[in-house]
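**Q** have a look; sequence and predicted model below, questions after that.
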Amino acid sequence: MFAVISRAATGRQVARSVRCMSSKPPRKPSSSSSPSAPPPEELSGPSASEQQAPVEEPIAGRSSVPTLDFNPADTFEEQGRTGARSSKGSLSSAEQQRRNMSRITGVLFLLGLGASAIHMGREWSEEELKSKKMTIENAPSTRWGRTTRRFSDFFGYFSEPAWDELLPPPYPPPHGKPYTLLLSLDDLLITSTWDREHGWRTAKRPGVDYFLAYISQFYEVVIFTTQYFYTAQPVLDQLDRYNFYISHRLYREATRAKDGQIVKDLSYLNRDLSKVVLLDTDPTHVSTHPENSIIIPKWNGDPKDRGLVDMIPFLESIAIYKPQDVRPILQAYHGKNVPIEYAKKEAEGKAKHIEEWKQNKGNKSNSVGSFFGLSSNRSDVNAPPTYLEQKRKEAQMQYKEELAYMAKNKDYLEKLLKQEQEMMAAQVPKNLWEAIDQFRGNPPPGQADASPPSQLPPPPAAPQK
């Protein structure tokens with residue numbers, strides 16, 4: 001019986017210790033209390049201290065398990081100030097040094113920015129004016145104007161063409177052609193559509209092959225497209241498989257940005273603009289040089305379209321008559337249907353030519369015809385062709401000879417094209433190390449020791465354009 005009472009008393013002491021650990025430190029037991037002989041009433045109910053101790057309700061979100069914190073939060077409130085100096089608001093020596101260095105760096109940056117602004121406001125030099133394609137008359141004359149122009153040129157990497165001169169210098173005569181014809185690609189020569197079944201499909205405009213082959217006799221043909229190189233090059237390789245007609249190709253990186261729009265700035269072309277004609281379908285692309293451009297309607301895929309072929313008589317007449325400046329002629333047709341308006345002008349010129357021939361040389365033949373009872377209104381049948389008609393006939397013969405040459409030497413041209421493709425593929429680096437070597441200027445591996453490619457027999461002489 002005594003052993004049972006001792007174990008019960010020991011259990012109550014453990015419970016009291018845990019309870020005191022969860023709230024406050026336990027009090028020292030009184031000297032009058034005897035742990036070995038507790039009062040009889042404690043055996044049947046809780047003690048007086050247990051009755052006075054408040055029962056803590058479990059708080060939502062907290063565990064009901066008692067905590068073992070021996071230094072509760074309320075004990076900190078009873079602690080006073082120790083007199084130690086707080087480190088709040090003070091900086092260590094390393095942090096203070098970093099702050100001073102950042103201040104010095106900011107001051108140096110502002111000084112450098114001011115010095116750069118002063119330097120950018122200097123006077124123009126002849127080399128700078130030449131590189132920017134400006135003259136002393138049209139260049140900004142104030143310090144602020146010079147500074148803003150130089151700042152805009154500095155940040156114009158993403159808005160200006162990749163090169164200051166988009167085309168190489170023209171060939172000297174008689175090899176070079178005096179006029180340059182710039183052609184857009186999308187909706188002028190081709191059109192592209194996409195669907196779920198076939199993906200992207202590209203169609204050639206009716207007469208585009210004839211247009212390129214014929215008009216290249218008169219012009220230096222340059223494709224100037226807003227497409228990127230990797231999307232436009234395969235299309236151009238199909239339009240001009242043997243590089244007979246297209247002299248140069250300009251892609252998206254040759255354009256510039258102006259007011260958020262892509263434009264084709266002809267001032268970077270490295271050509272005399274009085275001899276440049278630009279054919280496009282989008283007026284925003286030619287906003288910098290509208291006097292050099294002709295806007296024709298977009299091709300929507302109509303298989304009976306003749307908009308491109310109908311432009312040939314107007315373009316060939318410019319190259320045949322060789323005006324000093326094409327811009328006044330293009331401006332005279334601005335906003336008009338060029339093929340129709342030019343056809344009227346050519347018909348008027350033909351009628352005038354016949355009338356002059358009648359007055360000068362046709363009177364005698366007319367009298368003879370009237371003597372035999374022939375109608376005099378048929379005298380224009382024997383009228384000599386105009387200068388334009390003579391040159392046009394020669395160009396047609398030249399075009400036919402060139403087609404016959406290509407058909408006769410197609411196998412040779414295909415072998416030559418294949419050989420060129422193989423040589424280009426051999427120069428592509430196969431791994432990173434070969435790319436680094438080529439970047440340093442070293443030839444591809446084995447190229448120096450490789451034997452020269454097999455020489456094909458020369459083809460027959462091509463017809464001269």
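**A** Great, that's in hand.

**Q** verify the contact between S317 and Y342 for me.
**A** Yes: between S317 and Y342 there is a contact under C-beta atoms under 8 Å: 7.3 Å. All C-beta atoms are positioned from the backbone trio N, CA, C, and that covers glycine.

**Q** which residues do the two both contact?
**A** Common neighbours of S317 and Y342, using C-beta atoms under 8 Å, 6 or more residues apart in numbering, do not exist here.

**Q** any idea what W194 is bridged to?
**A** Here W194 sits in beta bridges with W200, as judged by DSSP bridges.

**Q** just the element for P234, please.
**A** If you go by DSSP states H and E, P234 is part of helix 229-239.

**Q** quick check: next helix or strand after the longest helix along the chain?
**A** Ranked by residue count and defined by DSSP state H, the top helix of the chain is helix 93-120. Scanning forward in sequence from helix 93-120 by DSSP H and E, the next helix or strand is helix 126-131.

**Q** average pLDDT for that following helix?
**A** Across helix 126-131, pLDDT averages out at 79.

**Q** same thing with stretch 417-431?
**A** Taken as a whole, stretch 417-431 carries a mean pLDDT of 84.

**Q** any idea how far it is from the chain center?
**A** Centroid separation for stretch 417-431 versus its chain: 27 Å, with C-alpha atoms, centre = their mean, to the nearest Å.

**Q** where are the low-confidence patches of the stretch 301-450 of the chain?
**A** Residues of the stretch 301-450 of the chain meeting the criterion pLDDT under 70: 362-381, 444-450.

**Q** at 90 what do you get?
**A** Scanning the stretch 301-450 of the chain for pLDDT under 90 picks out 301, 335, 353, 355-385, 417, 420-450.

**Q** list the contacts for N270?
**A** Taking C-beta under 8 Å, 6+ apart as the criterion, N270 is in contact with 165-169.

**Q** widest-spaced pair of these?
**A** Distances among the contacts of N270 were taken as C-beta to C-beta; the most separated pair is L166 and P169, at 11.8 Å.

**Q** neighbour count for these two, which is higher?
**A** L166 (22 against 9; other C-beta atoms under 10 Å).

**Q** surely that one is in contact with Y268?
**A** Yes: proximity of L166 to Y268 meets the contact threshold set by C-beta under 8 Å, at 5.1 Å.

**Q** R149: which element?
**A** Counting by DSSP H and E, R149 is found in helix 143-154.

**Q** buried stuff in that helix?
**A** 146-147, 149-150 (16 or more other C-beta atoms under 10 Å).

**Q** which element follows that helix toward the C-terminus?
**A** Next along from helix 143-154, by DSSP H and E: strand 179-183.

**Q** averaged pLDDT, that following strand. What do you get?
**A** In the prediction, strand 179-183 has an average pLDDT of 96.

**Q** now it: how far from the chain's centre is it?
**A** 23 Å.

**Q** now do stretch 95-109
**A** With C-alpha atoms, centre = their mean, you get 40 Å for stretch 95-109.

**Q** tell me the buried residues in that stretch?
**A** Quick answer for stretch 95-109: no buried residues (16+ other C-beta under 10 Å).

**Q** and if you look at stretch 343-354?
**A** Buried positions in stretch 343-354, judged by neighbour count with 16+ other C-beta under 10 Å: 346, 350, 353-354.

**Q** perfect, that will be all.
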